[in-house]
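1. when you get a sec, could you give me coordinates for this:
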Amino acid sequence: MKKDIKIWMSLVVFLLCSCDSGKKIYSSYRIVNNTGYQLEFLIFERTNGTFVRKIELAQNAGEWVSDKFQISEPGGRQIPVKMLLEGDSVRILFNKEKVLVYSEVYSDRNILFEENYAKVSIDDTHVVRRYNVTEEDYKNAVLIDNE
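-> As a prediction, this is how the structure comes out:
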């Protein structure tokens with residue numbers, strides 16, 4: 001009986017120690033400015049109506065990159081981009097002349113939804129989710145009324 005328990009315990013320990021034997025895979029988000037305009041991302045938390053932070057991207061290839069996070073099991077998971085941006089509403093200003101507003105309502109270009117990011121494999125342990133702000137986004141933005 002004791003021998004059976006020792007064998008059982010050894011098997012359990014072996015299985016617990018071997019579950020993390022695979023390689024770890026990481027991900028990050030990257031937002032790239034592919035326009036001829038200076039961009040400002042004003043990020044808000046709508047639930048309490050507060051301004052959270054501002055991200056500025058230079059024209060033509062300025063970029064913001066999130067910290068890397070583990071997505072492989074055990075212990076890893078995909079983190080929603082709005083958690084890394086730290087808000088649930090974004091205003092994108094183009095040279096402070098035009099603006100696009102995104103909140104938690106899905107659209108094909110909404111920067112808050114992971115589905116709108118292209119997956120790019122950097123190597124076999126790192127995947128980047130990339131969002132390109134384009135001239136088309138500028139065309140879809142509305143003029144800011146400065147009066």
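
2. helices along the protein, start to end?
-> Applying DSSP state H to the chain gives helices spanning 2-18, 81-85, 135-140.

3. so what secondary structure elements neighbour the second one?
-> Applying 3 or more Cβ pairs under 8 Å, 6 or more residues apart in numbering; DSSP states H and E, we find helix 81-85 packed against strand 50-57. C-betas here are computed from N, CA, C, even on glycine.

4. so for the strand it packs on, mean pLDDT?
-> Here strand 50-57 scores 96 as its mean pLDDT.

5. just the CA trace of that strand, in PDB.
-> Provided in PDB are the C-alpha atoms of strand 50-57 (Å, rounded to 0.1, in the frame of the first residue of the first chain):
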ATOM      1  CA  THR A  50     -11.400  60.700 -16.300                       C
ATOM      2  CA  PHE A  51      -8.500  61.400 -18.700                       C
ATOM      3  CA  VAL A  52      -5.900  58.600 -18.300                       C
ATOM      4  CA  ARG A  53      -3.000  59.300 -20.500                       C
ATOM      5  CA  LYS A  54      -1.700  60.700 -23.800                       C
ATOM      6  CA  ILE A  55       0.500  58.900 -26.400                       C
ATOM      7  CA  GLU A  56       2.200  61.000 -29.100                       C
ATOM      8  CA  LEU A  57       3.400  59.500 -32.300                       C
END
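
6. that one - contacts with which helices or strands?
-> Strand 50-57 packs on strand 26-33, strand 39-45, strand 63-65, helix 81-85, going by 3+ Cβ pairs under 8 Å, 6+ apart.

7. report the contact partners of Gly62.
-> The neighbourhood of Gly62, defined by Cβ atoms under 8 Å, 6 or more residues apart in numbering, consists of 32-33, 39, 56.

8. of these, closest to Val99?
-> Leu39 (10.6 Å; Cβ to Cβ).

9. which other residues reach stretch 91-101?
-> So stretch 91-101 is contacted by 35, 37-42, 44, 89-90, 102, 111, 133, 137-138, 140-144 (Cβ under 8 Å, 6+ apart).

10. nearest spatial neighbour of Asn34, chain-adjacent residues omitted?
-> Asn132 (4.9 Å; Cβ to Cβ, 6 or more residues apart in numbering).

11. the one you found and Glu63, how far apart?
-> From Asn132 over to Glu63 the distance is 10 Å, taken as Cβ to Cβ, to the nearest Å.
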